[in-house]
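Participant: Please work out how this folds:
(one chain, ligands or ions: 1)
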Amino acid sequence: MTKINRRDYLIGMGAAAGALAAAPGFELLAQEQQPTSESAPTTSTIADRNRRMKWWHEAKFGMFIHWGLYSIVGRHEWVMEMEGIPVKEYEPLADQFKPKPNAARAWAQLARRAGMKYMVMTTKHHEGFCNFDSKLTDYCATKRGPGRDLVREYVNAARAEGLRFGFYYSLMDWHHPDGARCMTDESARRRFVDYIHGQVQELMTNYGQVDILWYDVPWPLDAKGWESEKMNRMVRKLQPDIIINNRSKLPEDFDTPEQRIVASAERPWESCMTLNDSWGYHTADNGWKTPKTVIRNLITCAHDGGNYLLNIGPTGDGSIPLESVKILSAVGDWTRSNGVSFHGADRCQPTRSRFASFSRKGNTLFMHVHYWPGDTVVLGNLLNKVNSVKLLATGQPVKFEQNDWRVRMTGLPRIAPALVTTIALECEGEPKQDHELKRAQKPREGKY
Ligand code: GLC
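Facilitator: Modelled structure (predicted):
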């Protein structure tokens with residue numbers, strides 16, 4: 001194994017982390033979190049990861065889909081456990097599950113319309129029902145109600161829309177007889193782990209190229225118990241370009257903060273989030289996020305070099321809840337004309353405004369105004385000279401004047417042109433903002 005020094009490590013981390021290196025406090029973090037000699041990635045591992053993840057870093061925005069037997073019940077995907085439903089009572093749902101053909105087409109179309117570049121669908125959630133054809137169980141879509149492979153329909157739908165796709169797969173299983181006893185009984189663990197590895201192998205073999213493997217809940221075993229290293233080696237052998245998340249109790253390729261946006265300092269990350277308060281369909285859950293909140297979240301992820309994986313929970317027949325369609329269509333209206341501000345964005349240093357957030361590509365700073373102040377928009381304490389300013393959606397040039405303390409953009413509409421109006425500022429050098437420095441420098445001309 002070639003060991004590499006910290007400098008090479010950072011260089012090898014590629015564009016996203018390169019931008020991170022510029023963020024304040026990064027030097028310190030990098031030193032504190034230097035990989036240990038055992039875990040230090042090799043130059044070739046890093047180069048390989050950068051190669052595999054290039055499209056994913058550029059994509060920034062994906063659709064999560066939670067769909068299973070719980071979608072018929074309509075009270076959240078944890079309903080089986082939350083309401084203590086016995087396996088015998090839950091199982092018959094598998095025969096009632098009769099979704100309309102190719103429901104996934106509408107998901108993929110909506111994803112594309114919303115500006116998403118990839119999808120991740122539950123192939124098996126904690127309930128244990130498999131949406132794919134498995135030789136290892138009868139509790140699967142081909143042998144029960146649907147009578148066909150729902151994962152194949154999903155794969156075809158994603159490909160038809162030119163989207164990348166991934167498979168969510170829950171390690172925890174409330175249906176398999178060994179799903180809990182594997183904790184204490186070695187022969188049960190052996191059977192269960194063989195089952196899980198076997199299903200992962202099926203998923204990695206039967207659908208051509210798979211872009212992402214999205215494990216979930218590794219309860220009740222640890223990496224050793226799951227034999228995760230062996231499992232993921234098998235996965236990578238079958239799918240050399242795949243990206244694997246961090247939920248098989250091994251870090252693998254990316255972190256998965258859930259329902260919150262928290263950047264990982266040195267690792268790729270993707271924040272997954274619901275559109276209301278449930279992943280699976282919930283008839284009564286009306287805690288919907290507004291399109292503006294979704295757009296702001298997407299910008300926050302792009303600002304910090306991460307991805308945003310936003311969920312829909314189709315009903316039992318595969319229809320997308322109307323509210324989700326409305327929200328994502330409105331988001332699409334924004335992404336269609338402002339996509340360049342986040343697809344392929346670099347990490348961005350400026351953060352401070354009381355009415356806007358920021359993203360960056362190269363030397364262009366995108367100021368995303370969510371509370372429109374009127375015909376003049378001001379950005380304070382930028383360190384760079386600004387060469388030109390325009391409204392991103394229309395390309396319309398914006399008049400501006402700049403002094404040491406602020407950039408004043410004038411002649412803008414009095415009423416907000418969009419939910420979030422994005423202004424593109426072409427800067428000299430990488431845009432940086434420093435409030436404290438400017439606060440100290442600014443002449444105090446007030447009188448006692
Ligand atoms: C949690 C939940 C699960 C959901 C997942 C998405 O782990 O158990 O229901 O699928 O988060 O990240």
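Participant: What parts of the chain come near the ligand?
Facilitator: 66, 77, 78, 216, 217, 258, 272, 279 (Cβ under 6 Å from any ligand atom). (Glycine included, C-beta is placed from N, CA and C.)
Participant: so residue 126 makes contact with residue 76?
Facilitator: No. Look at residue 126 against residue 76 with Cβ atoms under 8 Å: they stay out of range, at 11.4 Å.
Participant: Please point out which parts of the strand or helix carrying residue 323 sit buried.
Facilitator: Taking DSSP states H and E as the definition, residue 323 sits inside helix 322-338. Burial within helix 322-338, assessed by neighbour count using 16 or more other Cβ atoms under 10 Å, is assigned to 324, 325, 327, 328, 330, 331, 332, 333, 334, 335, 337, 338.
Participant: Just the pLDDT at the residue nearest to residue 362 when sequence neighbours are not counted, thanks.
Facilitator: Spatial nearest neighbour of residue 362, chain neighbours left out: residue 346 (6.8 Å); criterion: Cβ to Cβ, 6 or more residues apart in numbering. We note a pLDDT of 97 for residue 346 in this prediction.
Participant: Ramachandran coordinates for residue 346?
Facilitator: phi -100, psi 160 (degrees, to the nearest 10).
Participant: partner residues bridging it?
Facilitator: In this entry, residue 346 is beta-bridged to residue 360, by DSSP bridges.
Participant: The helix or strand hosting residue 401: which residues count as buried?
Facilitator: Using DSSP H and E, residue 401 sits in strand 399-402. Using 16+ other Cβ under 10 Å as the test for burial, strand 399-402 gives 400, 402.
Participant: quick one: strands adjacent to that strand?
Facilitator: Counting by DSSP bridges, strand 399-402 is paired with strand 406-410 (antiparallel).
Participant: what about the nearest residue to residue 154 once chain neighbours are set aside, neighbour count?
Facilitator: Leaving aside its sequence neighbours, residue 154 sits nearest to residue 104 (Cβ to Cβ, 6+ apart; 4.2 Å). When neighbours are counted by other Cβ atoms under 10 Å, residue 104 registers 28.
Participant: For residue 104, give me phi and psi.
Facilitator: phi -60, psi -20.
Participant: which ones are touching it?
Facilitator: Residues in contact with residue 104 (Cβ atoms under 8 Å, 6 or more residues apart in numbering) are 65, 121, 150, 153, 154, 156, 157, 158, 318.
Participant: Turn those residues into CSV, including secondary structure.
Facilitator: As requested, those are exported to CSV (DSSP: H, G, I helix; E, B strand; the rest coil):
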residue, secondary structure
65, strand
121, strand
150, helix
153, helix
154, helix
156, helix
157, helix
158, helix
318, coil
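Participant: Check the separation of the first and last residues in stretch 91-108.
Facilitator: Start-to-end span of stretch 91-108 (Cα to Cα, to the nearest Å) is 29 Å.
Participant: can you pull the buried residues of that stretch?
Facilitator: Per 16+ other Cβ under 10 Å, stretch 91-108 contains these buried residues: 91, 93, 94, 97, 99, 102, 103, 104, 105, 106, 107, 108.
Participant: Of all pairs in those, which one is the farthest apart?
Facilitator: 91 and 108 (30.0 Å; Cβ to Cβ).
Participant: before we move on, back to that, could you measure from the residue nearest to residue 154 over to residue 151?
Facilitator: Noted for residue 104: a distance of 9 Å to residue 151, by Cβ to Cβ, to the nearest Å.
Participant: Now do the shared contacts for those two.
Facilitator: residue 121.
Participant: Dump the longest helix along the chain to PDB, keeping only the CA atoms.
Facilitator: In the chain, taking DSSP state H as the definition, the longest helix is helix 186-205. Below are the C-alpha coordinates for helix 186-205, written out as PDB (Å, rounded to 0.1, in the frame of the first residue of the first chain):
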ATOM      1  CA  GLU A 186     -24.400 -17.800  15.500                       C
ATOM      2  CA  SER A 187     -26.100 -20.200  13.100                       C
ATOM      3  CA  ALA A 188     -29.000 -17.600  12.800                       C
ATOM      4  CA  ARG A 189     -26.400 -14.900  12.000                       C
ATOM      5  CA  ARG A 190     -24.800 -17.100   9.400                       C
ATOM      6  CA  ARG A 191     -28.100 -17.700   7.600                       C
ATOM      7  CA  PHE A 192     -29.200 -14.100   7.900                       C
ATOM      8  CA  VAL A 193     -25.900 -12.700   6.700                       C
ATOM      9  CA  ASP A 194     -25.900 -15.100   3.700                       C
ATOM     10  CA  TYR A 195     -29.400 -14.000   2.900                       C
ATOM     11  CA  ILE A 196     -28.500 -10.300   3.000                       C
ATOM     12  CA  HIS A 197     -25.300 -10.800   1.000                       C
ATOM     13  CA  GLY A 198     -27.200 -12.900  -1.400                       C
ATOM     14  CA  GLN A 199     -29.800 -10.200  -2.000                       C
ATOM     15  CA  VAL A 200     -27.200  -7.500  -2.300                       C
ATOM     16  CA  GLN A 201     -25.500  -9.700  -4.900                       C
ATOM     17  CA  GLU A 202     -28.900 -10.100  -6.800                       C
ATOM     18  CA  LEU A 203     -29.300  -6.400  -6.800                       C
ATOM     19  CA  MET A 204     -25.800  -5.800  -8.000                       C
ATOM     20  CA  THR A 205     -26.100  -8.500 -10.800                       C
END
